[in-house]
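Trainee: Pasted the sequence and its predicted model underneath.
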Amino acid sequence: MNYRHAFHAGNFADCMKHALVVALIGRLAVKSTPFRVLDTHAGIGAYDLDGAEAERTGEWKRGVGRLLDITDGPLAPWLDLVRRAGFPPRYPGSPALIRMMLRARDRLMLCELHEEDSATLRTLFRGDPQTAVHKRDAWEALSALTPFAEKRGLVLVDPPFEVEGEFERLAEAVALVAHRFRAGVQAHWYPVKHRAPVRAFHTALAGSGVRDILACELWLREPTDPQRLNGCGLVVVNPPWKFEEEARAILATLLEHLGEGAPGQGFAITRLAEE
């Protein structure tokens, strides 16, 4: 409950997560039938990069700030939305990005437990008939709000990883949603600080019985310092057609622009479970 994303908005991890989420939504929108999205850790929806929090860390300047001039290629769909949202100085989080991509019959559900952030989120989407804001626990929402009436859509889980056991809870969430909503696409973000917790997480997913799992990762340096965010990953269950190809191009382009040549920098897409 103490995590405030305003300090980190627009950093390299946001760039990776948001570019991939936009690609997933774009794939869902290929079909004309409506879909729904559940964002379990929604935050405040959009962030002011001129604010005190963002100015204090300056993380966005080494993230989205380095991508301002890109107008084509695999990052263009996401960056076009970022500019349309008012960047700079306004940076859209996943709720704002997803909402911009919804069609008339698509729906968005946002969960945020933090009292102040939930109120801010509710104000942002007040009067929007396609968006529902819930002040509720993210993990409880996975059971309460799935499956979707539309029978297709995305469950996005992006925990702050500020307490012990988050990798274990994430693995449990993957299995829960797969059981309740077999056809749903899932995207679960996680930090890469050092390798041991990530290996254990991947091993748990591979042995869970859940099918069709990809792990997309980006590292700016060798992940050996457990006190530092060296990279991040997004586990995707039921990746849509052609998403893996798009994701590979996105990660390669991000590394090209955000990497500083540190030892161990790189990216990978690993299949943890076959279809």
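Mentor: Here it is on my side, so go on.
Trainee: Please make it C-alpha for all contacts and neighbour counts, starting now.
Mentor: Fine.
Trainee: Where do the helices of the chain begin and end?
Mentor: 12-28, 52-57, 76-84, 94-101, 115-124, 138-144, 166-180, 195-206, 243-258 (DSSP state H).
Trainee: Show me which positions of the fifth one end up buried.
Mentor: For helix 115-124, a neighbour-count test (16 or more other Cα atoms under 10 Å) marks D117, S118, A119, T120, L121, R122, L124 as buried.
Trainee: Find the nearest non-adjacent residue to the fourth one, please.
Mentor: Counting by Cα to Cα, 6 or more residues apart in numbering, the nearest residue to T120 once its immediate chain neighbours are dropped is I44, at 5.7 Å.
Trainee: surely the one you found meets F125?
Mentor: No: using Cα atoms under 8 Å, I44 is not in contact with F125, being 10.2 Å away.
Trainee: Those two: who's more crowded?
Mentor: Neighbours per residue (other Cα atoms under 10 Å) separate I44 from F125, with I44 holding more: 26 against 18.
Trainee: quick one: that one from H18, how far?
Mentor: Going from I44 to H18 by Cα to Cα, to the nearest Å gives 15 Å.
Trainee: likewise D225?
Mentor: 25 Å.
Trainee: now do V177
Mentor: Distance from V177 to H18, by Cα to Cα: 21 Å.
Trainee: do the same with H5
Mentor: Separation of H5 from H18 (Cα to Cα): 14 Å.
Trainee: now V64
Mentor: 11 Å.
Trainee: what does D158 give?
Mentor: Counting by Cα to Cα, the gap from D158 to H18 is 11 Å.
Trainee: Also L49?
Mentor: Taken as Cα to Cα, the span from L49 to H18 is 16 Å.
Trainee: List the contacts of the residue nearest to T120.
Mentor: G93, D117, S118, T120, L121 (Cα atoms under 8 Å, 6 or more residues apart in numbering).
Trainee: Tell me which of V64 and H18 has more neighbours.
Mentor: V64 (25 against 22).
Trainee: surely that one meets H8?
Mentor: No: taking contacts as Cα under 8 Å, V64 lies outside contact range of H8: 11.1 Å.
Trainee: Show me the one of the helices of the chain that comes nearest C216.
Mentor: helix 243-258 (7.6 Å; Cα to Cα).
Trainee: what packs against the closest one?
Mentor: Packed against helix 243-258 by the contact rule (3 or more Cα pairs under 8 Å, 6 or more residues apart in numbering; DSSP states H and E) you find helix 12-28, strand 213-219, strand 266-273.
Trainee: tell me the mean pLDDT for the longest one?
Mentor: Meaning helix 12-28. Per-residue pLDDT over helix 12-28 has a mean of 98.
Trainee: re the thing from before, would JSON lines of the contacts of I44 with distance to E275 be doable?
Mentor: Below are the contacts of I44 laid out as JSON lines (distance: Cα to Cα, whole Å):
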{"residue": "G93", "distance to E275": "31"}
{"residue": "D117", "distance to E275": "38"}
{"residue": "S118", "distance to E275": "37"}
{"residue": "T120", "distance to E275": "40"}
{"residue": "L121", "distance to E275": "36"}
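Trainee: Among these, which one sits closest to A144?
Mentor: Among those, and counting by Cα to Cα, the member closest to A144 is S118, at 18.2 Å.
Trainee: What residues does the closest residue in space to the closest one that isn't next to it in sequence make contact with?
Mentor: Spatial nearest neighbour of S118, excluding adjacent residues (Cα to Cα, 6+ apart): E112 at 5.2 Å. Residues counted as contacts of E112 (Cα under 8 Å, 6+ apart) are T40, H41, A42, G43, S118, V133, H134, K135, R136, D137, A138.
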